[in-house]
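A.B. asks: Turn this into a structure:
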Amino acid sequence: MFKSKLQFWTFELLMIALFIYVCTKISFVFEPVAVFISTLFFPIFVSGFLYFLFQPIVSFLVNRKVPKGLAILTLYVVFIGLIAAIIGVVGPALSRQITDLVHNIPSYVEEARQFIDRLSHSRGFTWIVEQEYVSLDQLEDSILNYASTLPTNLKNSISSVFSVVTNITLIIVTVPFVLFYMLKDGQKLPKRILPFVPSSYRKEALRMMKETANTLATYIQGQVLVCLFVGITTFIGYLIIDLPYALILAIIGAITNIIPYVGPFIGAAPALIVGLLYSPTKPLFVLLVIVIVQQLDGNVISPLVIGKKLNTHPLTIIILLLVAGNIAGILGMILAIPTYAVTKTIVFNIVRVVRVRRS
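C.D. replies: Numbers count the residues shown, from 1 in each chain. Now for the predicted structure:
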C-alpha cells in the first residue's frame, strides 16, 4: 500500500492530527469523563500517598502475627492519636501566630507602602523612569485597574475557598475507606493484572510492577522524612535567630521542600520578607539558617533516606519542574519527579525485555 517509509509515517502523522482535531470538536463528549477523573483524583492520590507511607508498618505488624484488619485499625488509631497530640501541642502556638500575623498585616502593608514611597523618591527609581523603562502613567493605570477589579477578585477568591473546603471535606470522608482497602488488598493488585498480560511476559511485568512500587515507596517515604527534618531544623534555627512567626515559616519551608531545587527558594521567600520587616540584618541570619539546613539535607539526610535510587540528573529535574509548573502549577511541580521516575522505570524495563527477546 505504501511505497516508502516516508509515505507511511506521513499518513500516520496525518491520521493522528485528524484524530486530535476531531477530539477538539467533540470535547463535550469527554467532559463527564474529565469530571469523573477530577473528582476521584485527589482521594485516590492522597490514599496512594498514605498507602506507600503506611504499607511497611502494616507489613511489620502482619509479620508479627497480627491480623491484617486489626493491624490497619491499630495503625488508624495510632495515627489519629498522633495527629491529635500534635494539634494539641502545636495548635495553640500556631493559632496564636496566625492571629498575630493577621492582626499585624495592616501595619506591614503600611510599612511596605512607606518603603515603596521612599523607593519611588530614590535616585535609582528616578533614573529608571528617566530611561523610560517604566511609565508612571502606565503604573498608575495598572494600579487603578487592579483596584477596580479587586471586588470581583475577592468574590472569586471566596468562591474558591468554599470549593477548596468542599474538596477537603470529600477527601477527609473518603480517604480512610479507600486507604483501608488499599492496605488490605493492595498486594493482590499485581496478580489481578497479570491475567491481562501475555503469559510469556508475566514474569517481566511482575518485576516491573514491583520496581515501580519500590520507586514510589522510596520517594514518598524519603520525602516525608526529609520534610520533617527540614521543618524541625528550620524551626529551631528560626527560634535561635529570634525570627517572628517561626512555626508558620518553618511549616511553609517544610512543605515547599517537596519541590526539588525550587522548593527551598519558595519556602525562604516569606521568611526573608518577615525578617526584612523587622531588621535590615535579619534576612542575612535567615539565609544562614536556610543554607545550613539545606547543606545538611543535601549532603547527609537525602542521600541517607532516598539514596541514588531515583538517579535523575539535576538538569532533567529543572526542565521537568519548568514544564510541569507551566502546565499544572505547584501540583505539577510536586508530581513531576515521581511521575518521571515511575515512567523511567517502566520504559527501562520494557527496553530491557525487548533486548532480551531479540538476543
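
A.B. asks: now the helices: where do they sit in the stretch 251-359 of the chain?
C.D. replies: 262-278, 282-296, 302-305, 314-358 (DSSP state H, counting those that start in this stretch).

A.B. asks: okay, the angle between the longest one and helix 262-278?
C.D. replies: Interaxial angle of helix 314-358 relative to helix 262-278 (axes from the mean of the first three to the mean of the last three C-alpha atoms, to 10 degrees): 170 degrees.

A.B. asks: rewinding a little: worst mean pLDDT among the helices of the stretch 251-359 of the chain?
C.D. replies: Sorting the helices of the stretch 251-359 of the chain by mean pLDDT places helix 302-305 lowest, at a mean of 68.

A.B. asks: Could you chop the protein up by domain?
C.D. replies: 1-120+156-184, 197-359 (automatic domain parsing).

A.B. asks: Out of the ones you listed, indicate the one that is most buried.
C.D. replies: domain 197-359 (a mean of 16; mean count of other C-beta atoms under 10 Å). Placement of C-beta: from N, CA and C, glycine included.

A.B. asks: pLDDT value on the nearest residue to F54 once chain neighbours are set aside, please?
C.D. replies: Spatial nearest neighbour of F54, chain neighbours left out: L75 (5.9 Å); criterion: C-beta to C-beta, 6 or more residues apart in numbering. L75 carries a pLDDT score of 88 in this model.

A.B. asks: And whatever helix or strand L75 lives in, what does it pack against?
C.D. replies: Following DSSP states H and E, one finds L75 within helix 68-120. Applying 3 or more C-beta pairs under 8 Å, 6 or more residues apart in numbering; DSSP states H and E, we find helix 68-120 packed against helix 27-63, helix 136-185, helix 246-256, helix 262-278.

A.B. asks: Lowest mean pLDDT across these, which one is that?
C.D. replies: helix 136-185 (a mean of 67).

A.B. asks: ok, and for the helix or strand just after that one, which residues are buried?
C.D. replies: Per DSSP H and E, helix 136-185 leads on to helix 189-193 as the next helix or strand towards the C-terminus. By neighbour count on 16 or more other C-beta atoms under 10 Å, the buried set for helix 189-193 is P190.

A.B. asks: Give me the packing partners of the following helix or strand past helix 189-193, helices and strands only.
C.D. replies: Once helix 189-193 ends, the next helix or strand along the chain (criterion: DSSP H and E) is helix 202-240. For helix 202-240, the elements it packs on are helix 27-63, helix 189-193, helix 246-256, helix 282-296, helix 302-305, helix 314-358, judged by 3+ C-beta pairs under 8 Å, 6+ apart.

A.B. asks: repeat that with 10 Å
C.D. replies: If you count contacts as 3 or more C-beta pairs under 10 Å, 6 or more residues apart in numbering; DSSP states H and E, helix 202-240 packs onto helix 27-63, helix 189-193, helix 246-256, helix 262-278, helix 282-296, helix 302-305, helix 314-358.
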